[in-house]
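> Model the structure of this input:
(chains A and B)
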Amino acid sequence: MNAFTLYRRMAGASIKAQLRYPGTFALQLVGNFVTTLLSFFGIWSLFHRFGSIAGWDIGAVAVLYGLVNVSFSVAETLGRGFDVFGSEYVKTGSFDRLLLRPRSTLVLLLGHELRLRPIGRFLQGAFVLGAGFWLSPHVSWNTVWLLPWAVTGGAVMFLGILIGQAALCFITVEGLEVVNVLTYGGVEAGQYPLTMFARWLRRFLTWALPLSAVCYYPALAMLNHPDPLGMPLWFGLLSPAMGFVFLALMVLWWRRGVAGYVSSGS
Amino acid sequence: MKTAAAIEVRDLRKTYQVRDGGSWRGKTREITALDGISFTVPAGEIAGFIGPNGAGKSTAIKILSGILRPTSGTVRVGDLVPWENRIAHVARIGVVFGQRTQLWWDLSVAEGLALLRDIYSVEPERFRRNRDRLAEALDLNGIMDQSVRQLSLGQRMRAEIAAALIHDPEVVILDEPTIGLDAPSKLAVRAFVRDLRRERGTTVLLTTHDMHDIEALADRVIVIGHGRILADSPFEALQATTLSERILEADFTGPPPALFLPDGAVETERGTRSVTITFDPQRLPAPALVAHLSTLPDLGDLRIGRPAIEEIITRFYADHAS
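Alright, predicted model coming up:
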């Protein structure tokens, strides 16, 4: 059986397990939706009061917010196994059990859980994203095909962060809270236009952690909003690919971690 | 049925680097977990692998399972080197860790077995046959639809064994398979392992702290201590060479009187109504000791037996301490 079919079966089993207690599940879903929506009201009231900030109006910010949240929710759904890797696999020693199975550790960890709870964040992000397009005056509708491309790039980038975080557990054992700076911090930072950040942070968020490459630049292209910093608009058409590059690097780092684990046994 | 594979271990060494005090500072120190062990388990044999905690058992098991790379030495399971081709190797072995579950807590036993079928790519026909056979032999039919979380320890262990064998492994590693089980479950597990070898010729490596497991199952015992092999022989031979002593228990109807024992016997325990005497039958034959004791007042009953198996092993480690 190929890895994809296996993943589908594991994901199916995981969904079944999550739906075993439907009441709890529904409450979690609602909770997830409401808490993430509340965070948008913070931004909304800011723009409601000031109209626009540094040339950005509420429509553009809503698109950024929607993009980053939809992307992150997809990664959260897929990458739960990596998120809990330190606490549920390394600390407890059950990573050994995973290594006893004749499959790639990446496939087995992806199959750990297909998490349904982030659907709340996804719906809420999609809702804000739609509102953002509706509120924006210059949407270039012939570049809206960028949307799934940007979301995919963003989702694989966030998945890359989760895999990198898991690989770090081989060194520190403790699940690294500090990596949340990149995941939740990334979601927060991605909600604001890149021009609001200091130069070093802009560089970091483009070339090291390619957050702006999967959110800000594609959003500019779709909104037909010239980049105040002078990056040509076509950059946003290609830049989501950097999410895949980031993921590939994190996968290599993961493999190194596994090889190190096998030779040290700790 | 596949032919079983043999296990061959030569000069296996494993050292760990540990850091004293703090994870970044502090000097590194080398700990030798395995100091050059060699043994062979022929195809179709059940070998007991015993030793105290910290002797290197778990390290050896991990290396044989392909999840740890040794510092030096060679291992062959069948024609494969475990750590060089993890995926091909683990597809052909089955491992039961008594302390950890292989199944999924939130899934039923049947769902878990079905996922393992997918993970090991077992053909549907063979899967059905194996599942029915294992369910029958391990008495799982009543619990197939229960989630693993709800199983008792004994039920779970039987399900674990089925999970480890669903893909017809050629070599089975059982790590403490009877730990924490009640007596009937222990007997069921032992009976199943015996049948597995007899009917399928599976090679089994068994670690346990329960010497009754060893007595009931193992053709051979490999004793490991301080990272080295201390003994590798049939269990009876180990028993005979290590401890020829006998135990005599005497019960009294009142408080036991003071005893004056002949040479070759010592009082090892005294209760309110009983005395335990350890004696060497070479120097003091049992009938002579019985004759000596039978004149005592208030004597109720006399029992002679061998020392407990745990005692033999404890003695064995003590003799090889250095």
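
> now the residue nearest the centre of chain B, nearest residue through space, not along the chain?
Centroid-nearest residue in chain B: B:Thr208, 2.3 Å away (criterion: C-alpha atoms, centre = their mean). Excluding the flanking residues, the one nearest B:Thr208 by C-beta to C-beta, 6 or more residues apart in numbering or on different chains is B:Glu176, at 5.8 Å. Bear in mind the C-beta positions are built from the backbone N, C-alpha and C, glycine included.

> Report the separation between that neighbour and B:Lys57.
With the distance defined as C-beta to C-beta, to the nearest Å, B:Glu176 ends up 10 Å from B:Lys57.

> okay, and the common contacts of those two?
Overlap of the contact sets of B:Glu176 and B:Lys57 (by C-beta atoms under 8 Å, 6 or more residues apart in numbering or on different chains) consists of B:Thr207.

> more neighbours, those two?
Using other C-beta atoms under 10 Å in any protein chain shown, the more surrounded residue of B:Glu176 and B:Lys57 is B:Lys57, with 22 against 19.

> Show me which residues of stretch B:29-37 are buried.
Residues of stretch B:29-37 classed as buried by neighbour count (16 or more other C-beta atoms under 10 Å in any protein chain shown): B:Thr32, B:Ala33, B:Leu34, B:Ile37.

> before we move on, the earlier item: contacting residues around the residue nearest to B:Thr208?
B:Phe97, B:Gly98, B:Gln99, B:Thr207, B:Thr208, B:His209.

> and what of A:Gly59?
By C-beta under 8 Å, 6+ apart, the neighbours of A:Gly59 are A:Gly132, A:Phe133, A:Trp134, A:Leu135, A:Ser136, A:Pro137, A:Leu223.

> thinking again about what came up before, pull out the buried residues from the contacts of B:Glu176.
B:Phe97, B:Gly98, B:Thr207, B:Thr208, B:His209.

> With pLDDT as added columns, please give these in CSV.
Converted to CSV, the buried ones among the contacts of B:Glu176 look like this (pLDDT from 0 to 100):
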residue, pLDDT
B:Phe97, 84
B:Gly98, 76
B:Thr207, 91
B:Thr208, 87
B:His209, 82
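
> List just the nearest of those to B:Arg194.
The shortest approach to B:Arg194 among those belongs to B:Thr208, at 14.4 Å (C-beta to C-beta).

> Relative to B:Glu267, how far out is the closest one?
From B:Thr208 over to B:Glu267 (counting by C-beta to C-beta), the distance is 32 Å.

> picking that back up, quick one, which of the contacts of A:Gly59 has the minimum pLDDT?
Within the set of the contacts of A:Gly59, pLDDT is lowest for A:Pro137 (82).

> Please report how far B:Phe39 lies from chain A.
The spacing between B:Phe39 and chain A, counted by C-beta to the nearest C-beta, to the nearest Å, is 20 Å.

> Who does that residue form a beta bridge with?
Using DSSP bridges, the bridge partners assigned to B:Phe39 are B:Val9.

> Quick check, pLDDT for it.
B:Phe39 is given a pLDDT of 95.

> ok, it - contacts?
With contact set as C-beta under 8 Å, 6+ apart, B:Phe39 has these partners: B:Ile7, B:Val9, B:Ala47, B:Ile222, B:Ile229, B:Asp232.

> Tell me how far the last one lies from B:Leu238.
Between B:Asp232 and B:Leu238 the computed distance is 9 Å (C-beta to C-beta).

> Looking at these two now, which is surrounded by more residues?
Higher neighbour count among B:Asp232 and B:Leu238: B:Leu238, with 23 against 17, using other C-beta under 10 Å.

> who does the helix or strand harbouring the more buried one touch, helix- and strand-wise?
Here B:Leu238, judged by DSSP states H and E, is contained in helix B:235-242. With contacts taken as 3 or more C-beta pairs under 8 Å, 6 or more residues apart in numbering or on different chains; DSSP states H and E, helix B:235-242 sits against strand B:220-225, helix B:309-319.

> again, 6 Å this time
helix B:309-319 (3 or more C-beta pairs under 6 Å, 6 or more residues apart in numbering or on different chains; DSSP states H and E).

> CSV for the contacts of B:Phe39, including pLDDT?
Shown next, in CSV, are the contacts of B:Phe39 (pLDDT from 0 to 100):
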residue, pLDDT
B:Ile7, 94
B:Val9, 96
B:Ala47, 95
B:Ile222, 93
B:Ile229, 91
B:Asp232, 91
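
> among those, which two are most distant?
Once C-beta to C-beta is applied, these give B:Ile7 and B:Ile229 as the farthest pair, at 13.8 Å.

> wait, does the lengthiest helix in chain A make contact with chain B?
Counting residues, the longest helix found in chain A (DSSP state H) is helix A:22-50. No. Counting by C-beta under 6 Å from any C-beta of the partner chain, chain B is not contacted by helix A:22-50; separation bottoms out at 12.5 Å.

> Same question for that helix: list its buried residues.
So, applying 16+ other C-beta under 10 Å, buried residues of helix A:22-50: A:Gln28, A:Leu29, A:Asn32, A:Phe33, A:Thr36, A:Leu37, A:Ser39, A:Phe40, A:Ile43, A:Trp44, A:Phe47.

> do the same with stretch A:88-102
Residues of stretch A:88-102 classed as buried: A:Tyr89, A:Val90, A:Phe95, A:Asp96, A:Arg97, A:Leu98, A:Leu99, A:Leu100, A:Arg101, A:Pro102 (neighbour count, 16+ other C-beta under 10 Å).

> near chain B too, which of these?
A:Asp96, A:Arg97, A:Leu99, A:Leu100, A:Arg101, A:Pro102.

> How much space separates the second one from A:Thr24?
Think A:Arg97. Taken as C-beta to C-beta, the span from A:Arg97 to A:Thr24 is 27 Å.

> Equivalent analysis for the fifth one, please.
When distance is defined by C-beta to C-beta, A:Arg101 is 29 Å away from A:Thr24.

> Ok, the third one next?
Relative to A:Thr24, A:Leu99 is positioned 32 Å away (criterion: C-beta to C-beta).

> repeat for B:Gln99
Taking C-beta to C-beta, one finds B:Gln99 at 29 Å from A:Thr24.

> Let me see the ranges of the strands in the stretch 101-250 of chain A.
Under the criterion DSSP state E, counting those that start in this stretch, the stretch 101-250 of chain A carries no strands.

> which bits of it sit near chain B?
So the stretch 101-250 of chain A meets chain B at A:Arg101, A:Pro102, A:Arg103 (C-beta under 6 Å from any C-beta).

> Tell me the pLDDT of B:Asn53.
On the pLDDT scale, B:Asn53 is placed at 79.

> Quick check, A:Val74 in contact with A:Gly153.
No. Counting by C-beta atoms under 6 Å, A:Val74 does not reach A:Gly153; the two are 10.9 Å apart.

> Could you check which of those two is surrounded by more residues?
A:Gly153 (28 against 21).

> can you give me the helices in the stretch 151-266 of chain A?
Counting by DSSP state H, counting those that start in this stretch, residue ranges of the helices within the stretch 151-266 of chain A are A:180-190, A:199-203, A:211-214, A:216-223, A:235-238, A:241-264.

> ok, and what's touching the fourth one?
With C-beta atoms under 6 Å, 6 or more residues apart in numbering or on different chains as the contact definition, helix A:216-223 has outside contacts at A:60, A:63-64, A:136, A:143, A:146, A:150, A:194, A:227, A:233, A:235-237, A:239-240.

> same deal with the fifth one?
Where contact means C-beta under 6 Å, 6+ apart, the residues beyond helix A:235-238 that reach it are A:Tyr217, A:Pro218, A:Leu220, A:Ala221.

> Closest one of those residues to B:Ile277?
A:Pro218 (87.8 Å).

> how near is the closest one to chain B?
For A:Pro218, the distance to chain B - C-beta to the nearest C-beta - is 37 Å.
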